[in-house]
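A.B. asks: I'll drop the sequence and a predicted model, then ask my questions.
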Amino acid sequence: MIRALTLGALAFAVAACTTTDPYSGERVPNRTGTGAIAGAVGGAAIGTLAGGNDRRNAIIGAGIGALAGAAVGNYMDRQEAALREQLRNSGVGVTRTAEDEILLNLPSDITFGFNQDTVQSQFLPTIQQVAGTLGQYPSTTVDIIGHADSVGTDEYNQNLSERRAMNVASVLVANGVQRPRVAAYGYGETAPIADNGTPDGRARNRRVEIRLKALQS
């Protein structure tokens, strides 16, 4: 099941529960949010705050302008070039998926420790630099999408993908990306890009994506 964790204007605590670690069998905390940002979990969020008029209105209300016509392509061209230059040799993939959309692929092995949801300290500067570039190009929405491989239960992988997405979102917001622009999603193991039957395929499937889409008038 795909779940969206939307970021509101004010941070609030998300109650912690527990889930089972599929590797150790132990009960461990399941934190779907952090103190820096807030998450509202549920299917209703997907069509409203996470991607509908409420989010658009919040972005425009924050003083961020929308793009029109030929300005969209030029704006995204410049943002893509800046990100490619910034992320060269970082291990992060930059893909232009449409005229109005850019996808950043953050592989799990450089972003998180094994079976962990906290961004590794050595990778924090990279995400902080991404936040700086996103701050220079505010007329985009920023969707952070967590993915997992198929090892472990569906529930565990869903929760892990959510926590990883939320923690990347937390770093971006803490480093100046306007909160109304940002939404975090957990896709669990439902959207693989490679064969989960091989170690290499599972490694590719463990990832966080940052999807940047132009805000158009």
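C.D. replies: Here it is on my side, so go on. Numbers count the residues shown, from 1 in each chain.
A.B. asks: can you pull out the helices in this protein?
C.D. replies: Along the chain, counting by DSSP state H, helices occupy 43-47, 53-61, 71-86, 108-111, 124-136, 154-174, 199-205.
A.B. asks: and the longest one, what other elements does it pack with?
C.D. replies: Helix 154-174 sits against strand 3-6, strand 17-20, helix 108-111, helix 124-136, strand 140-147, strand 182-186, strand 207-214, with contacts defined as 3 or more Cβ pairs under 8 Å, 6 or more residues apart in numbering; DSSP states H and E. For glycine as for every other residue, the C-beta is placed from the backbone atoms N, C-alpha and C.
A.B. asks: spatially central residue for the protein, please.
C.D. replies: The residue lying closest to the centre of the chain (Cα atoms, centre = their mean) is residue 144, at 1.5 Å.
A.B. asks: which pLDDT value goes with that residue?
C.D. replies: On the pLDDT scale, residue 144 is placed at 96.
A.B. asks: just checking, it touches residue 210?
C.D. replies: Yes - contact criterion Cβ atoms under 8 Å: residue 144 and residue 210 qualify, at 5.6 Å.
A.B. asks: could you measure residue 139 against residue 127, distance?
C.D. replies: Distance from residue 139 to residue 127, counting by Cβ to Cβ, to the nearest Å: 21 Å.
A.B. asks: ditto for residue 62
C.D. replies: 21 Å.
A.B. asks: so for the two, which sits in the more crowded spot?
C.D. replies: Higher neighbour count among residue 62 and residue 127: residue 127, with 25 against 13, using other Cβ atoms under 10 Å.
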